[in-house]
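1. When you get a sec, could you give me coordinates for this:
(chains A and B)
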Number of protein chains: 2
Amino acid sequence: MIDVMGLKRPRQNGVQRRSPRIARRQRRMRTALLTAGARQFASRGVARVSVEDLLAEADVSRATFYAIFSSKYNLLENILNPIFDMAITSISALSQESARAGLTGIFNTYLELWRVHREGLLLITAVDAATFRHFEARHRALNDAMFAVLTVAERANLLRNGSAEYSLKVIARTAIPLLKVYDEHSSGEALFADAMQALLVRSD
Amino acid sequence: MIDVMGLKRPRQNGVQRRSPRIARRQRRMRTALLTAGARQFASRGVARVSVEDLLAEADVSRATFYAIFSSKYNLLENILNPIFDMAITSISALSQESARAGLTGIFNTYLELWRVHREGLLLITAVDAATFRHFEARHRALNDAMFAVLTVAERANLLRNGSAEYSLKVIARTAIPLLKVYDEHSSGEALFADAMQALLVRSD
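-> From the prediction side, this is the model:
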């Protein structure tokens, strides 16, 4: 802890005094670390990646790392929290929509997240249970927002399986796998939306 | 190697002389080890499970283990190979069927495997890439059999996404997750079949 505190001191000075050039450099380092983290955490699992591994890929010093993040879990939070926040904002706004527009909105949110945060989305499915506890509150908020939209659809008798609860489980288990399947297809986005529609929405 | 050979000797004597009671006991031990293996491999990953862990759960001696299996990988093969063989036999038989019956047959094969070999099926999705190489030939045979059925459906213009290749990917990524989702639902089997049908088969 003393070491970490020690490393924080130059950062506070740096924030007060830093030039635009230094600020740009730190933003670039931060992005390099977020990119390396998303890639390595997703491919090898959070537990097996060390801070050293991240420094090597991002070509960043240990001091710079700890000037930006307090730990590899803090780095992970900085990757995943913006994704959860974007999803929660987008899906919460759908509760004002009609049942059908709400469902389409959920599928479009997944497509938008895939466009903007693909590595992070793949990472969410690879995170182990212990690490996942760091994200429990946001994950619950996201599930609550989706459940509200699905409940409107359940009441409108739109759900193929008749149940908001089970439709939520279907989305949680199949949306990212289907984004992966259609990833390299030239009509991938349309095929994903069609598959989710078919899977969840009553056809008659 | 010498140790393993040494352990095999009593087995060969045992096979020649063993009484029905000993044969029954060995079958019971074998089943206990297969059950422990499927459960532990699926929940913790093949790499993290030792032979000792399996002996502890199955309450079997080291000598008995090596009289039945040559290694934990050999135990794994004895869990997974019967599942692959059952799937390959069942799906190969579908190539004689109509396009529509072939697709329904694939979904029914998954349901049948889930009824008979649930732990093993969950295990397949948890196996790491290195271990998976032990099953490459059978996995390819299974994919080829499914692809043949899906190609008949593609030619009959039955596939929702129009492609046997992509339909195979959709099945590979979503069938077991959907079996899990509907596992505890009282109409689970019907809901699974309906979901696969909706996801893969053109509705008009």
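2. contacting residues around the helix or strand A:Thr89 falls within?
-> Element membership for A:Thr89, per DSSP states H and E: helix A:72-92. By C-beta atoms under 8 Å, 6 or more residues apart in numbering or on different chains, the surrounding residues in contact with helix A:72-92 are A:33-34, A:37-38, A:41, A:46, A:49-51, A:54, A:69, A:105-106, A:109, A:112-113, A:116-117, A:120-121, A:123-124, A:127, A:131, A:134-135, A:138-139, A:141-142, A:145-146, A:148-149. (C-beta placed from N, C-alpha, C; glycine too.)
3. Can you name the residues of chain A that neighbour chain B?
-> Within chain A, the positions near chain B by C-beta under 8 Å from any C-beta of the partner chain are A:160-161, A:166, A:169-170, A:173-174, A:177-178, A:180-182, A:185, A:191, A:194-195, A:198-199, A:203.
4. Pull out the buried residues from these.
-> Among the residues of chain A next to chain B, the ones that count as buried by 16 or more other C-beta atoms under 10 Å in any protein chain shown are A:160-161, A:166, A:169-170, A:173-174, A:178, A:180-182, A:185, A:191, A:194-195, A:198-199.
5. what mean pLDDT does the helix holding A:Thr89 have?
-> Computed over helix A:72-92, the mean pLDDT rounds to 94.
6. buried sites along that helix?
-> Using 16+ other C-beta under 10 Å, the residues of helix A:72-92 that count as buried are A:72, A:75-77, A:79-80, A:83-84, A:86-88, A:90-92.
7. Give me the neighbour count for the residue nearest to A:Arg18 when sequence neighbours are not counted.
-> The shortest distance from A:Arg18 to any residue other than its chain neighbours is 7.4 Å, reached at A:Gln26 (C-beta to C-beta, 6 or more residues apart in numbering or on different chains). A count of nearby residues for A:Gln26, using other C-beta atoms under 10 Å in any protein chain shown, gives 17.
8. List the contacts of A:Gln26.
-> A:Gln26 makes contacts with A:14, A:18, A:64, A:67-68, as judged by C-beta under 8 Å, 6+ apart.
9. Next secondary structure after the longest helix anywhere in chain A?
-> For chain A, the longest helix by residue count, based on DSSP state H, is helix A:99-126. Secondary structure here is assigned by DSSP H and E; on that basis, the next helix or strand after helix A:99-126 toward the C-terminus is helix A:129-132.
10. And the helices in chain A, which stretches?
-> Listed in chain order, the helices found in chain A under DSSP H are A:2-17, A:20-44, A:51-58, A:62-68, A:72-92, A:99-126, A:129-132, A:136-155, A:164-181, A:188-200.
11. Which of those comes out lowest on mean pLDDT?
-> Within those, the stretch with the lowest mean pLDDT is helix A:2-17, showing a mean of 44.
12. Give me the contact list for stretch A:115-126.
-> With contact meaning C-beta under 8 Å, 6+ apart, stretch A:115-126 is reached by A:35, A:38-39, A:41-43, A:45, A:79-80, A:82-83, A:86, A:113-114, A:176, A:179-180.
13. mind saving the C-alpha coords of it as CSV?
-> In CSV, the C-alpha atoms belonging to stretch A:115-126 read as follows (Å, rounded to 0.1, in the frame of the first residue of the first chain):
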residue,chain,number,x,y,z
ARG,A,115,-19.6,-1.8,-33.0
VAL,A,116,-18.1,0.4,-30.3
HIS,A,117,-16.9,-2.1,-27.6
ARG,A,118,-16.4,-5.5,-29.3
GLU,A,119,-13.4,-6.5,-27.2
GLY,A,120,-15.0,-5.5,-24.0
LEU,A,121,-18.2,-7.4,-24.8
LEU,A,122,-16.2,-10.6,-25.5
LEU,A,123,-14.5,-10.0,-22.2
ILE,A,124,-17.7,-9.9,-20.3
THR,A,125,-18.4,-13.5,-21.3
ALA,A,126,-14.9,-14.6,-20.3
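14. roughly how far is it from the heart of the chain?
-> Averaging C-alpha coordinates over stretch A:115-126 and over its chain gives two centres that are 6 Å apart (C-alpha atoms, centre = their mean, to the nearest Å).
15. same deal with stretch A:142-155?
-> Distance of stretch A:142-155 from its chain centroid, counting by C-alpha atoms, centre = their mean, is 20 Å.
16. Show me which positions of it end up buried.
-> Within stretch A:142-155, the residues that qualify as buried by neighbour count (16+ other C-beta under 10 Å) are A:142, A:145-146, A:149-154.
17. circling back to that earlier point, and the buried residues of helix A:72-92 as CSV, adding distance to A:Ile22?
-> Output for these, formatted as CSV (distance: C-beta to C-beta, whole Å):
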residue, distance to A:Ile22
A:Lys72, 24
A:Leu75, 20
A:Leu76, 26
A:Glu77, 24
A:Ile79, 24
A:Leu80, 27
A:Ile83, 28
A:Phe84, 30
A:Met86, 29
A:Ala87, 33
A:Ile88, 34
A:Ser90, 35
A:Ile91, 38
A:Ser92, 38
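18. which of these lies closest to A:Ala58?
-> Using C-beta to C-beta, the shortest approach to A:Ala58 within those belongs to A:Leu75, at 10.1 Å.
19. Next one: that closest one relative to A:Arg155, how far apart?
-> Computed with C-beta to C-beta, to the nearest Å, the distance linking A:Leu75 and A:Arg155 is 42 Å.
20. Would you mind measuring from A:Ser98 to chain B?
-> The span separating A:Ser98 from chain B equals 22 Å under the rule C-beta to the nearest C-beta, to the nearest Å.
21. What's the local residue count around that residue?
-> The local packing of A:Ser98 (other C-beta under 10 Å) involves 14 other residues.
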